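Asks: fold the following and give me the result.
(one chain, ligands or ions: 1)
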Amino acid sequence: MLSQESLARVVANDRYNYRLSEIIRQRAWVEIDLSALSHNVMQIKQLLSPKTALMAVVKADAYGHGAIAVAQTVLQAGAKALAVATLGEGIELREAGIKAPILILGAINTPEEIAAIAHWQLEPTICYPEQAVMVSHTLSQLEQPLSVHLKLDTGMSRLGTLWHQGTELATLVQDLPYLNLSSVYSHLATADDPDPSQMYLQHKRFKMAIANLKAQGIQPPCLHFANSAATLIAPQLHYDLVRVGLALYGLYPAPHLRSIVPLKPVLQVRAKITQIKTIAANTGVSYGYQFISDRPMNIAVVGIGYADGVPRSLSNRLQVLIHGQRACQIGAITMDQLMLDVSHLRHVKVGDVVTLIGKDGDQEITADHWAKMLGTISWEILCGFKHRLPRIKHLKKRELGVNYPEVNIGIKDSEQVKT
Ligand SMILES: Cc1ncc(COP(=O)(O)O)c(C=O)c1O
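Replies: Have a look, this model is predicted:
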């Protein structure tokens with residue numbers, strides 16, 4: 001069997017006159033609407049004062065949307081900086097030619113990583129004194145100064161120095177050679193909670209920590225605190241920069257934040273029907289016979305499964321859209337395929353497109369629906385779609401005024417469809 005790469009090569013050589021867009025749509029794929037992404041950037045920017053910049057959080061392959069295309073689009077639409085979780089994610093963006101400042105939010109603990117960060121002009125987060133010393137020592141050996149960002153823990157209890165010890169760390173960073181203190185930041189634990197009291201307690205601690213720094217004569221050039229939820233709901237937390245992830249991708253951190261700006265979901269997941277058959281009453285469907293038909297049924301097999309990121313725990317609970325109508329998934333979701341009850345649908349055939357997440361007609365299924373069924377959050381759903389699903393990018397070229405590179409053949413950046 002041909003691998004996806006071999007198929008791409010076949011298409012590139014045009015030997016069989018296939019179109020890549022048709023081949024990658026044979027089974028299952030993720031569609032990324034870059035125009036929606038751009039729209040979301042502009043909506044978020046409207047909430048910010050001119051002195052507040054937008055940092056787009058593009059970690060985890062831009063929450064599963066494809067980091068390079070997302071980074072290019074958000075920068076074009078007005079974001080000023082990017083944030084990633086890991087060194088590898090930062091390098092991927094630099095290798096793609098992205099020049100914007102890139103903050104690494106995650107932990108960096110070794111001189112090797114710092115050497116790579118310096119080489120790629122990325123910007124690390126400093127969380128504790130020993131790390132600051134290690135970073136400074138490594139940079140001294142390289143004789144290369146670097147912008148660093150100091151992280152305060154004001155209540156998330158994750159990375160960062162405790163807020164009331166912030167002055168000691170900031171003083172150390174200021175005194176150590178080759179470290180340029182570029183910003184001081186903190187991260188909110190409960191900004192999406194309808195009860196804002198914990199968020200405001202964290203804010204109080206942040207303000208006190210900053211006041212302490214200033215009392216020692218330390219003036220951080222940039223302060224940042226807000227994630228998507230705080231950006232939507234709390235302008236007093238915007239400071240010089242907001243770090244927005246989820247809202248860029250068109251989802252709201254919580255239902256009570258929906259009315260603030262109209263966002264458009266960027267990601268849609270689709271697959272094709274690969275076989276249709278009629279089964280008799282009392283027939284078991286899929287592994288373990290978790291579903292047994294109570295009547296003769298028309299069922300459709302669809303080419304997507306848990307290895308693509310459709311959780312097996314949604315078995316017998318998932319709904320999909322076909323021709324703008326809902327259909328129920330039946331039996332256990334398998335690694336590469338799942339089955340649907342299509343008894344109520346007329347004219348369903350092999351090759352028809354099934355929408356798992358996204359719009360079809362006036363029906364819509366969102367990552368929020370899946371998250372609710374699974375007892376999780378939409379962030380996890382978005383990040384769960386595997387690279388086996390090609391990402392197909394749509395953009396309205398005229399609307400964006402973006403000049404995108406030609407179609408990129410490969411699994412991650414498989415195609416851009418200009419509409
Ligand atoms: C430090 C930090 N800032 C900002 C964000 C963005 O959060 P959100 O996706 O809620 O906007 C994250 C995401 O987890 C983060 O870890």
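Asks: contacting residues around the helix or strand hosting residue 211?
Replies: Using DSSP states H and E, residue 211 sits within helix 197-215. Outside helix 197-215, the residues that touch it by Cβ atoms under 8 Å, 6 or more residues apart in numbering are 152, 154-156, 163-164, 166-167, 170, 184, 186, 188-191, 193, 219-220, 223, 225, 230, 234, 236-237. Where you see a C-beta, it was placed from the backbone N, CA and C, and this is true even at glycine.
Asks: right, and the helix or strand after that helix?
Replies: According to DSSP H and E, the helix or strand after helix 197-215 is strand 223-224.
Asks: quick one: that following strand to chain centroid distance?
Replies: Chain-centre distance of strand 223-224: 22 Å, with Cα atoms, centre = their mean, to the nearest Å.
Asks: list the beta-bridge partners for residue 285.
Replies: Beta bridges link residue 285 to residue 291, judged by DSSP bridges.
Asks: tell me who's in contact with it.
Replies: Shown in contact with residue 285 (Cβ under 8 Å, 6+ apart): 279, 291-293, 299, 330-331, 339.
Asks: let's go with 6 Å and repeat that
Replies: By Cβ atoms under 6 Å, 6 or more residues apart in numbering, the contact set of residue 285 is 291, 330-331, 339.
Asks: for residue 255, grab the count of nearby residues.
Replies: Residues lying near residue 255 (other Cβ atoms under 10 Å) number 10.
Asks: about what we covered before: list the buried ones in the helix holding residue 211?
Replies: For helix 197-215, burial by neighbour count (16 or more other Cβ atoms under 10 Å) applies to 199, 202-203, 205-206, 209-210, 212-213.
Asks: then stretch 131-142?
Replies: Neighbour-count burial for stretch 131-142, counted by 16+ other Cβ under 10 Å, picks out 131-132, 134-136, 138-139.
Asks: tell me which of the contacts of residue 285 fall in strands.
Replies: Among those, the members found in strands (DSSP state E) are 291, 330, 339.
Asks: could these be laid out in TSV, adding pLDDT, neighbour count and distance to residue 99?
Replies: Output for those, formatted as TSV (pLDDT from 0 to 100; neighbours: other Cβ atoms under 10 Å; distance: Cβ to Cβ, whole Å):
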residue	pLDDT	neighbour count	distance to residue 99
291	98	21	53
330	98	24	50
339	98	24	48
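Asks: possible to save those residues as TSV with distance to the ligand?
Replies: Shown next, in TSV, are the ones in strands among the contacts of residue 285 (distance: Cβ to the nearest ligand atom, whole Å):
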residue	distance to the ligand
291	36
330	34
339	34
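Asks: with only the CA atoms kept, save stretch 213-220 in PDB.
Replies: What follows is stretch 213-220, C-alpha atoms only, in PDB (Å, rounded to 0.1, in the frame of the first residue of the first chain):
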ATOM      1  CA  LEU A 213       9.800  45.200  42.100                       C
ATOM      2  CA  LYS A 214       9.200  48.800  41.400                       C
ATOM      3  CA  ALA A 215      10.100  49.700  45.000                       C
ATOM      4  CA  GLN A 216      13.400  48.000  44.400                       C
ATOM      5  CA  GLY A 217      13.900  50.100  41.300                       C
ATOM      6  CA  ILE A 218      13.100  47.300  38.800                       C
ATOM      7  CA  GLN A 219      10.900  48.400  36.000                       C
ATOM      8  CA  PRO A 220       9.900  45.400  33.800                       C
END
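Asks: dump stretch 277-293 to CSV, keeping only the CA atoms.
Replies: Output in CSV follows, covering the C-alpha atoms of stretch 277-293 (Å, rounded to 0.1, in the frame of the first residue of the first chain):
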residue,chain,number,x,y,z
LYS,A,277,-25.0,-2.2,4.1
THR,A,278,-28.3,-3.5,5.6
ILE,A,279,-28.1,-5.6,8.7
ALA,A,280,-30.9,-7.8,10.0
ALA,A,281,-32.5,-7.3,13.4
ASN,A,282,-30.5,-8.7,16.3
THR,A,283,-27.1,-8.2,14.7
GLY,A,284,-24.1,-7.2,16.7
VAL,A,285,-22.1,-4.2,15.6
SER,A,286,-18.3,-3.8,16.1
TYR,A,287,-16.0,-5.2,18.8
GLY,A,288,-17.7,-6.6,21.9
TYR,A,289,-21.2,-6.2,20.4
GLN,A,290,-21.9,-3.1,22.5
PHE,A,291,-24.7,-2.4,20.0
ILE,A,292,-27.2,-5.0,18.8
SER,A,293,-29.8,-3.9,16.2
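Asks: now do it: distance to the chain's middle.
Replies: Chain-centre distance of stretch 277-293: 37 Å, with Cα atoms, centre = their mean.
Asks: can you list the residues of this structure near the ligand?
Replies: Counting by Cβ under 6 Å from any ligand atom, the chain comes close to the ligand at 57, 105, 187, 227-228, 243-246, 253.
Asks: of these, closest to residue 379?
Replies: Comparing the residues of the chain next to the ligand against residue 379 with Cβ to Cβ places residue 246 closest, at 6.0 Å.
Asks: tell me the confidence at the residue nearest to the closest one when sequence neighbours are not counted?
Replies: Nearest non-adjacent residue to residue 246, counting by Cβ to Cβ, 6 or more residues apart in numbering: residue 228, 4.5 Å away. According to the prediction, residue 228 has pLDDT 98.
Asks: check which helix or strand residue 268 maps to.
Replies: With DSSP H and E as the test, residue 268 turns up in strand 267-279.
Asks: would you agree residue 178 is in contact with residue 142?
Replies: No - when contacts are counted by Cβ atoms under 6 Å, residue 178 is not listed as touching residue 142 (8.1 Å).
Asks: thinking again about what came up before, quick one: the helix holding residue 211 to chain centroid distance?
Replies: Worked out by Cα atoms, centre = their mean, helix 197-215 lies 29 Å from the chain centre.
Asks: for stretch 74-91, same thing?
Replies: Chain-centre distance of stretch 74-91: 11 Å, with Cα atoms, centre = their mean.
Asks: kindly report the same for stretch 166-182.
Replies: Distance, stretch centre to chain centre, for stretch 166-182: 31 Å (Cα atoms, centre = their mean).
Asks: many thanks, have a good one.
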